[in-house]
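# Got a sequence here, can you build the structure:
(one chain, ligands or ions: 1)
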Amino acid sequence: MSRPGSPGAQPGPEPEPGRPAATDGAPTTPTRAFAELHAGNRRFVAGAPHHPNQDAERRAAVADGQHPFAVIVGCSDSRLAAEIIFDRGLGDLFVVRTAGHILGPEVLGSVEYAVTVLGTPLVVVLGHDSCGAVQAARTAAATGTAPGGHLRAVVDAVLPSLQRAAAEGVDDLDQIVDVHIAQTVESMLDSSAALAAEVAAGRCAVVGMSYRLAAGEVRTVAAVPAGAVSATDGLDRALGAAA
Ligand SMILES: [Zn+2]
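All right, here's what the predicted structure looks like:
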């Protein structure tokens with residue numbers, strides 16, 4: 001299958017002059033932002049969170065402006081709370097959540113705001129195992145019955161991922177979730193010229209992560225450009241060894 005860049009390959013993008021500078025030491029490059037998220041997730045998985053940037057001092061420091069280092073486009077599932085699973089705090093993450101991390105104009109506009117106005121260097125599509133939205137779409141497709149109300153919009157938005165999974169011979173629900181995450185990464189880049197331009201310029205990367213509800217860990221299933229992840233893997237290990 002042609003996922004949007006498997007982890008590996010080229011070196012990561014370098015920041016360009018003109019990128020709005022964070023004033024709080026936050027990561028300003030895709031690779032650093034990715035490493036920061038992974039380090040936080042490892043602390044969460046280990047049951048040793050630092051709860052950074054969650055005190056009154058931080059609250060006061062970010063009151064006049066924000067430089068979030070990652071956009072999280074995640075599923076709304078109540079067990080997928082971004083600041084908790086990545087062990088971050090106020091002003092760190094720009095979070096947009098919908099059931100099944102489906103995209104629409106408001107979601108894409110929010111992503112574009114963070115990336116082009118706030119200068120956020122990383123966009124993460126965050127899905128998870130046992131996703132109810134994906135399961136609902138699967139049931140609708142299997143039975144030929146669509147749910148009523150606005151829930152249908154959620155199911156309809158997931159259906160292309162089901163078709164792609166079927167074409168690739170993928171039948172396991174959690175593997176379908178991974179396909180849906182990769183599909184969402186591709187769709188986001190196809191639908192947002194502004195985001196695609198930032199990625200092409202090396203100022204931003206888009207990665208897809210799959211979260212395991214029981215284990216609490218994230219796994220990267222897609223990345224554009226692929227080098228944004230591979231370069232970070234080494235950096236990630238270095239940071240982990242130093243922690
Ligand atoms: Zn979900």
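
# Going by C-alpha atoms from here, please, whenever you check contacts or count neighbours.
Fine.

# Close to the ion: what parts of this protein are there?
75, 100, 131 (Cα under 5 Å from the ion).

# can you rerun that using 8 Å?
Taking Cα under 8 Å from the ion as the contact definition, the chain meets the ion at 75-77, 99-101, 127-134.

# Now which of the residues you listed would you call buried?
75-77, 99-101, 127-129, 131, 133-134 (16 or more other Cα atoms under 10 Å).

# Closest to Thr220 out of these?
Gly127 (10.3 Å; Cα to Cα).

# tell me the SS of the closest one?
strand (DSSP: H, G, I helix; E, B strand; the rest coil).

# Mind pulling up the pLDDT for it?
Reported pLDDT at Gly127 in the predicted model: 98.

# do Gly5 as well
pLDDT at Gly5 comes out at 44.

# try Asp24
Predicted confidence (pLDDT) for Asp24: 71.

# Any figure for the gap between it and Ala133?
37 Å (Cα to Cα, to the nearest Å).

# likewise Leu122?
When distance is defined by Cα to Cα, Leu122 is 25 Å away from Ala133.

# Check Leu126 too.
Using Cα to Cα, Leu126 is found at 13 Å from Ala133.

# still on that earlier bit, of the buried ones among the residues of the chain next to the ion, just say which sits nearest to the ion.
Checking those against the ion by Cα to the ion gives Cys131 as the nearest, at 3.7 Å.

# so the closest one makes contact with Asp178?
No: look at Cys131 against Asp178 with Cα atoms under 8 Å: they stay out of range, at 10.5 Å.

# Now render the buried ones among the residues of the chain next to the ion as CSV, adding distance to Tyr113 and secondary structure.
Listed next are these as CSV, based on distance: Cα to Cα, whole Å; DSSP: H, G, I helix; E, B strand; the rest coil:
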residue, distance to Tyr113, secondary structure
Cys75, 19, strand
Ser76, 20, coil
Asp77, 24, coil
Ala99, 21, helix
Gly100, 21, helix
His101, 18, helix
Gly127, 22, strand
His128, 25, strand
Asp129, 29, coil
Cys131, 27, coil
Ala133, 26, helix
Val134, 27, helix
